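# predicted model, plus sequence, below.
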Amino acid sequence: MVDAIEPATFVLLAILVCGLAACRTRDAYRWLVTALLLTAWLRANQVIFFWTHAESLRTYDIVTTVLLVSLALAAWVMAWRDWFGWKPSWLPRVLLILTLVYMMAALIDRPWFYPDASPVFKAIGPFLVSGIRLIFVALYLWIIGYGVMRQPRWPAWLALVAACLIGIGLFAAELTRMGVPGIWFPYGTGVSRTQYAYAGFIVLLLRLVDSSRARQRVGWDGNPNCS
């Protein structure tokens, strides 16, 4: 149920951000909307697979592991780049290359892909996936860290916490390898680490959006006011 509710909430957040974007001509927050919708699809696809059986296991694997995971990682790096207003020109090209290589490596890593391949060839996939994910971690932390240093005000610190919460879900595999428990059991009910993190992120992003809209109503940054 949580995996069904959270994606719906992410879609609602995307709609709210679109309303915020309509008030600004300089920055449309299109990457934040894209990242929210990709994350919603990533979480909802699990519900679709287990509840409806509309997808085969291979289709689920391709959509989730090969496509959505890589796209969501790139979209969130771009989203925080836009949010903090720091836009290195080389970043989109680097992310495009990383995303395409990640998709290729994730495909090679699937057990059903070229099952008769040599062990050396099959080892390329997980090696590249792990390496590229670490590069995404570095880019993600660098973008939000540098963004906070450029504008050390409370909205930036709030955005930092929100980015860390969404990052818990994006980089769940890395946290698990570090020994952070993936399932917690409050009152004897198992709840995943990602579900907790995304619930906190939803609350914080609502606060960030509300804060941005409040600043726009008084003509923040010289942009058109919103009613």
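Noted; the coordinates are in hand. What you see is a predicted model, and the numbers here were worked out from it, not measured in a lab.

# so what's the residue count around the residue nearest to Leu91 when sequence neighbours are not counted?
Leaving out its chain neighbours, the residue that sits closest to Leu91 by CB to CB, 6 or more residues apart in numbering is Arg81, at 6.3 Å. Every residue, glycine included, has its C-beta placed from N, CA and C. Counted with other CB atoms under 10 Å, residues neighbouring Arg81 total 22.

# do the same with Leu71
Residues near Leu71, counting by other CB under 10 Å: 19.

# helices or strands next to the least confident helix or strand in the chain by mean pLDDT in the packing?
In the chain, no helix or strand scores lower on mean pLDDT, DSSP states H and E than strand 183-184, which sits at a mean of 72. When contacts are defined as 3 or more CB pairs under 8 Å, 6 or more residues apart in numbering; DSSP states H and E, strand 183-184 sits against strand 191-192, helix 193-217.

# quick one: strands adjacent to the first one?
In the sheet, strand 191-192 lines up against strand 183-184 (antiparallel) (DSSP bridges).

# which residues does the partner strand contact?
Gly190, Val191, Ser192, Arg193, Tyr196 (CB atoms under 8 Å, 6 or more residues apart in numbering).

# Lys87 sits in which helix or strand?
Per DSSP states H and E: Lys87 is located in neither a helix nor a strand.

# where does the closest residue to it other than its chain neighbours land on pLDDT?
Among residues not flanking Lys87 along the chain, Arg81 sits closest, at 5.8 Å (CB to CB, 6+ apart). As predicted, Arg81 sits at a pLDDT of 92.

# how about Gly219?
Looking at Gly219, its pLDDT reads 43.

# please apply the same query to Ala40.
At Ala40, pLDDT is 94.

# what's the local residue count around it?
20.

# SS state for it?
The assignment at Ala40 comes out as helix when based on DSSP: H, G, I helix; E, B strand; the rest coil.

# the nearest residue to Trp112 once chain neighbours are set aside is in what secondary structure piece?
Of all residues not flanking Trp112 in the chain, Arg58 sits nearest, at 6.0 Å (CB to CB, 6+ apart). Assessed by DSSP H and E, Arg58 sits inside helix 57-61.

# just to revisit the earlier point, can I get the contacts of strand 183-184 in a markdown table with distance to Ala156, neighbour count and pLDDT?
Shown next, in a markdown table, are those (distance: CB to CB, whole Å; neighbours: other CB atoms under 10 Å; pLDDT from 0 to 100):
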| residue | distance to Ala156 | neighbour count | pLDDT |
| --- | --- | --- | --- |
| Gly190 | 35 | 10 | 68 |
| Val191 | 30 | 14 | 73 |
| Ser192 | 28 | 16 | 81 |
| Arg193 | 25 | 17 | 86 |
| Tyr196 | 23 | 16 | 87 |
